[in-house]
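# A structural model of the following input is requested.
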Amino acid sequence: MAIDRWTSGAYYEQWMGRWSQLLAGEFLDWLKMPAGLQWLDVCCGSGVVSTAIAERNEADSVVGVDLSAAQIEFARRHRARENVRFEIADAMSLPFPDSSFDIAVCGLGLNFIPDPVQALPELKRVVRPRGTIAAYVWDYAEGARFLREFWDAAVAIDPEAAEFDQARRFTICTRDTLQLPFESAKFEDITVHALEIVTRFSSFDDYWSPLLTGQGSAPAYLATRDEKTKAAIRERLRKKLPANSQGAIELPARAWAVRARRQMHG
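Model (predicted):
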């Protein structure tokens, strides 16, 4: 099984950052949280969501945490703000006292936590009673077409790719399954919502090049294949992806978002 690598903030930006920015805006618009809150951004990566919170929600403070030292270093260098700080921390063992935050969020990271079911009670612990916990994940099976097209092409060329396919690995990432761990953690007012964006690539190379960064699941898988297999996948995608007369490619992408509240007691 390929390891989901998160070893470069710059490469992550190339691979996923632009789509993270679009989704962060949709997510925060949906949450509609008031100004002046204290936020925790779990699995913050290169700091996209943390920055969006600071800029769009007039937060009192934002703490972004991630287990990747490289991602945190990038975030500190490129996304520093007066009311935003970044720390290395494990989502399943957060270094904060009980009831430290008004809201905890996790953008495109919940499924990468080794045990999301264990992590949610930890998020609940650090959020104040009646505070909000919210997250979003790609709809790998159907909605995130730029990823679905890649995995379908990879499996057609290399049957072993099925073992790496995020839709198969991350069963939490559907409308029905995303809310289940929140129910298990005894949250209240659980709501699931679709976040819709369009991923636009100026050319096929603009689509393909980020897949060579080694960051994340699909690029990490591709890095394990020989040049012949890579070339075959590349050509299959080139023939299949819909391009307009200028060579640009537009693919719809959906993520599932969930929000819930900590109970007043417990």
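
# run through the strands of this structure in chain order.
With DSSP state E as the definition, the chain shows strands at residue ranges 38-42, 61-66, 84-88, 101-107, 127-138, 188-201, 249-261.

# would TSV of the ones you listed with mean neighbour count and mean pLDDT be doable?
Yep, even glycine has a C-beta here, placed from its N, CA and C like the rest. Listed next are the strands of the chain as TSV, based on neighbours: other CB atoms under 10 Å; pLDDT from 0 to 100:
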stretch	mean neighbour count	mean pLDDT
strand 38-42	25	98
strand 61-66	25	98
strand 84-88	18	97
strand 101-107	26	98
strand 127-138	22	97
strand 188-201	16	97
strand 249-261	20	97
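
# nearest to Gly214, of these?
strand 61-66 (17.4 Å; CB to CB).

# quick one: strands adjacent to the closest one?
Strands flanking strand 61-66 in the sheet, each with its direction: strand 38-42 (parallel), strand 84-88 (parallel) (DSSP bridges).

# in a markdown table: those strands, plus distance to Tyr140.
Shown next, in a markdown table, are the strands paired with strand 61-66 (distance: least, CB to CB, whole Å):
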| stretch | distance to Tyr140 |
| --- | --- |
| strand 38-42 | 20 |
| strand 84-88 | 27 |
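
# tell me which of those strands approaches Thr171 most closely.
Here strand 38-42 is closest among the strands paired with strand 61-66 (CB to CB), at 20.3 Å.

# what pLDDT does the residue nearest to the spatial centre of the chain get?
Note on the chain: the residue nearest the mean C-alpha position is Leu108, at 1.4 Å, using CA atoms, centre = their mean. According to the model's per-residue confidence, Leu108 sits at a pLDDT of 95.

# please apply the same query to Met1.
Here the pLDDT value assigned to Met1 is 49.

# make 29 the starting number, not 1.
Yep, numbering from 29; the last one is Met29 now.

# which residue ranges of the stretch 179-294 of the chain form helices?
Taking DSSP state H, counting those that start in this stretch as the criterion, the stretch 179-294 of the chain contains helices spanning 194-197, 203-206, 208-212, 232-236, 245-251, 255-268.

# to His293, which of these lies closest?
Here helix 208-212 is closest among the helices of the stretch 179-294 of the chain (CB to CB), at 17.6 Å.

# helices or strands next to the closest one in the packing?
For helix 208-212, the contact count by 3 or more CB pairs under 8 Å, 6 or more residues apart in numbering; DSSP states H and E identifies helix 144-154 as packing neighbours.

# please name the residues that touch Pro203.
One correction, residue 203 is Arg, not Pro. By CB atoms under 8 Å, 6 or more residues apart in numbering, the contact list for Arg203 reads Asp167, Val220, Ala222, Trp284.

# wait, which of those residues is closest to Gln243?
Asp167 (20.3 Å).

# measure how buried the closest one is and give me the count.
Using other CB atoms under 10 Å, Asp167 has 23 other residues around it.

# before we move on, back to that, of all the contacts of Arg203, which two lie farthest apart?
Farthest apart among the contacts of Arg203 by CB to CB are Asp167 and Val220. That separation is 11.1 Å.

# mutual contacts of the two, please.
Shared contacts of Asp167 and Val220, defined by CB under 8 Å, 6+ apart, comprise Arg203, Trp284.

# so Ser96 is in contact with Asp32, correct?
No - at 10.3 Å, Ser96 does not count as touching Asp32 under the criterion of CB atoms under 8 Å.

# between the two, which is the more surrounded one?
Ser96 (20 against 17).
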